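**Q** this one's structure only:
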């Protein structure tokens, strides 16, 4: 990505993007970490610039960087519920059978959803937006075997309101108990 584009996206120079068209190759430039111009705008919380970029080239919202993160992962990390809502509302991908938007269910290379990221960073407003969109996200398991619900309980973030099937309660409590038991065993072995 050239310096001018990066600076415009990271500092929120809206006029730079107002002069672009949907077919402009500037929108397709990436950094060495494979972040596109929308990743940069979202990372620096430049909401108006991000909106303009999505209006110009909606497909950028689902492009991944070198870590497999889409814009929703980045917005969840920087605690911007307004950006999260905008990205979800402007996602075109819906499951034909369920009608559920697929963007919130997309995972990065660690198999984390945006909800995992929001919980890891303690971003409660983003958690609320994502759960409101798709409560089943709470049960998606990442590479480490952790659901967002487990992460919230493990971090004692009891203020989060997860909606999950009642049958999962016992499973979660057993998982938590085993996790703590293993941690105690490992600690006492030292």
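**A** Done, it's in. These figures come from a predicted structure and were not determined experimentally.

**Q** contacts only, for the closest residue to residue 46 other than its chain neighbours.
**A** Distances taken as C-beta to C-beta, 6 or more residues apart in numbering put residue 12 closest to residue 46, at 3.9 Å, once the chain neighbours are dropped. Using the backbone N, CA and C atoms, a C-beta is placed for each residue, glycine as well. Applying C-beta atoms under 8 Å, 6 or more residues apart in numbering to residue 12 gives the contacts 41, 44, 46, 48, 49.

**Q** out of those residues, which sit inside strands?
**A** Among those, no member falls in strands (DSSP state E).

**Q** got JSON lines for those residues, with neighbour count too?
**A** Below are the contacts of residue 12 laid out as JSON lines (neighbours: other C-beta atoms under 10 Å):
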{"residue": "41", "neighbour count": "29"}
{"residue": "44", "neighbour count": "16"}
{"residue": "46", "neighbour count": "24"}
{"residue": "48", "neighbour count": "11"}
{"residue": "49", "neighbour count": "25"}
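
**Q** need the contact list for residue 1.
**A** So residue 1 contacts 29, 30, 31, 35, 36, 37, 40 (C-beta under 8 Å, 6+ apart).

**Q** now, of those, which are buried?
**A** Buried residues within those, counting neighbours by 16 or more other C-beta atoms under 10 Å: 29, 35, 36, 37, 40.

**Q** buried set for stretch 148-157?
**A** Applying 16+ other C-beta under 10 Å to stretch 148-157 flags 148, 149, 150, 151, 152, 153 as buried.

**Q** residue 42 versus the residue nearest to residue 46, what's the distance?
**A** 11 Å (C-beta to C-beta, to the nearest Å).

**Q** which residues of the protein fall in helices?
**A** 3-11, 14-18, 37-43, 47-56, 71-77, 81-89, 114-120, 124-133, 148-154, 167-188 (DSSP state H).

**Q** now those helices as JSON lines including mean pLDDT?
**A** Shown next, in JSON lines, are these (pLDDT from 0 to 100):
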{"stretch": "helix 3-11", "mean pLDDT": "97"}
{"stretch": "helix 14-18", "mean pLDDT": "94"}
{"stretch": "helix 37-43", "mean pLDDT": "96"}
{"stretch": "helix 47-56", "mean pLDDT": "93"}
{"stretch": "helix 71-77", "mean pLDDT": "95"}
{"stretch": "helix 81-89", "mean pLDDT": "92"}
{"stretch": "helix 114-120", "mean pLDDT": "94"}
{"stretch": "helix 124-133", "mean pLDDT": "89"}
{"stretch": "helix 148-154", "mean pLDDT": "84"}
{"stretch": "helix 167-188", "mean pLDDT": "48"}
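
**Q** tell me which of those helices sits nearest to residue 65.
**A** Within the helices of the chain, the stretch nearest residue 65 is helix 37-43; the backing value is 5.7 Å (C-beta to C-beta).

**Q** for the closest one, packing partners?
**A** helix 3-11, helix 47-56, helix 71-77 (3 or more C-beta pairs under 8 Å, 6 or more residues apart in numbering; DSSP states H and E).

**Q** coming back round to it: out of the buried residues of stretch 148-157, the closest to residue 8 would be?
**A** Among the buried residues of stretch 148-157, and counting by C-beta to C-beta, the member closest to residue 8 is residue 148, at 33.9 Å.

**Q** no further questions, thank you.
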